[in-house]
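**Student:** Following is a predicted model, sequence given first.
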Amino acid sequence: MSSPTSFSTTADVAADSFAGQLRLATSEDWDASVHHRFVEELFAGTLSDAVLARYLVQDYQFFDAFVAMLGACVATTDSKPARLRFAAQLGMLAADEDGYFQQSFAELGVPASDVVSPHLEDPTEEFIGQMWEVARSRNYADLLVVLVIAEWLYLDWGQRDLLLPEAAKHRDWIDLHRGEEFREWTQFLIDELNRIAPSLGSEDGARLSARWTRVVAIERAFFDAAYAF
Ligand SMILES: Cc1ncc(CN)c(N)n1
């Protein structure tokens, strides 16, 4: 029997696996995000400070709920090695990603009020709602669905074969979403989702598929919102 087709150049995922099928079912919003104007301008180094600041202010609010999701994974996974992997990622995020935000906010002159409690755009509010919902649900499958999208979609654009920009505020955001460490982390999440998929019931499948579709659409809207002013 020939091995199933792997469709992604960034992660090794069989197209007929649980994660692979979800990914294929949402190709339109997924590909539109990976090739979004925001990504093109970020790589080209032409992204305006206003758009970058607007995006980062919203993404910093996303970041807080994202950390809470990882904490929920530490608490709920059935696998001891996975628990340690999530714990290690929490440490990395606290050091590297928070540092990028703080440095960029200072460079872009973002006021403290926008860092701490900005007006939330609709996609941010909905994304945060999804993340806290799965964090509080303590349902490992729901947590993984949201995490896999958030990391795999970002890996897909981060790994695009384009020249890197000069400015640290652009390049460092790309660097956080490409390279072997981020690829390995994303692969781990996808593998976890595919590992637990056989234990899911049909109701779980329908709920997770609906969540996947919605969250991929929010990812696209999140990029759009950076230009909506
Ligand atoms: C909206 C969004 N989605 C995903 C990521 C990558 N963790 C992010 N920083 N922001």
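**Tutor:** Received it, and whenever you're ready, just let me know what you need.
**Student:** Can you say which helix or strand has the spatially most central residue of the chain in it?
**Tutor:** Nearest residue to the geometric centre of the chain (CA atoms, centre = their mean): Ala150, 1.9 Å. Element membership of Ala150 [criterion: DSSP states H and E] is helix 140-158.
**Student:** by contact count, what packs against that helix?
**Tutor:** For helix 140-158, the packing partners by 3 or more CB pairs under 8 Å, 6 or more residues apart in numbering; DSSP states H and E come out as helix 18-25, helix 27-34, helix 49-76, helix 122-137, helix 180-196, helix 202-225. To be clear about C-beta, it is placed using only N, CA and C from the backbone, and glycine gets the same treatment.
**Student:** Let me have these in a markdown table, extended by distance to Val116, mean neighbour count and mean pLDDT.
**Tutor:** Putting the helices and strands packed on helix 140-158 into a markdown table (distance: least, CB to CB, whole Å; neighbours: other CB atoms under 10 Å; pLDDT from 0 to 100) gives the following:
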| stretch | distance to Val116 | mean neighbour count | mean pLDDT |
| --- | --- | --- | --- |
| helix 18-25 | 35 | 20 | 96 |
| helix 27-34 | 28 | 17 | 98 |
| helix 49-76 | 9 | 18 | 95 |
| helix 122-137 | 14 | 18 | 96 |
| helix 180-196 | 27 | 18 | 97 |
| helix 202-225 | 19 | 17 | 97 |
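**Student:** how about JSON lines for those helices, with distance to Leu164 added?
**Tutor:** Converted to JSON lines, these look like this (distance: least, CB to CB, whole Å):
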{"stretch": "helix 18-25", "distance to Leu164": "26"}
{"stretch": "helix 27-34", "distance to Leu164": "17"}
{"stretch": "helix 49-76", "distance to Leu164": "16"}
{"stretch": "helix 122-137", "distance to Leu164": "27"}
{"stretch": "helix 180-196", "distance to Leu164": "15"}
{"stretch": "helix 202-225", "distance to Leu164": "19"}
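**Student:** Which residues of the chain lie near the ligand?
**Tutor:** Counting by CB under 6 Å from any ligand atom, the chain comes close to the ligand at 59, 62, 66, 150-151, 154, 219, 222.
**Student:** Nearest approach to Ser113 belongs to which of the helices and strands packed on helix 140-158?
**Tutor:** Proximity to Ser113, assessed across those by CB to CB, is greatest for helix 49-76 (10.1 Å).
**Student:** where's the helix or strand that that closest one is followed by relative to the chain centroid, distance-wise?
**Tutor:** Once helix 49-76 ends, the next helix or strand along the chain (criterion: DSSP H and E) is helix 80-92. Computed by CA atoms, centre = their mean, to the nearest Å, the chain-centroid distance of helix 80-92 equals 17 Å.
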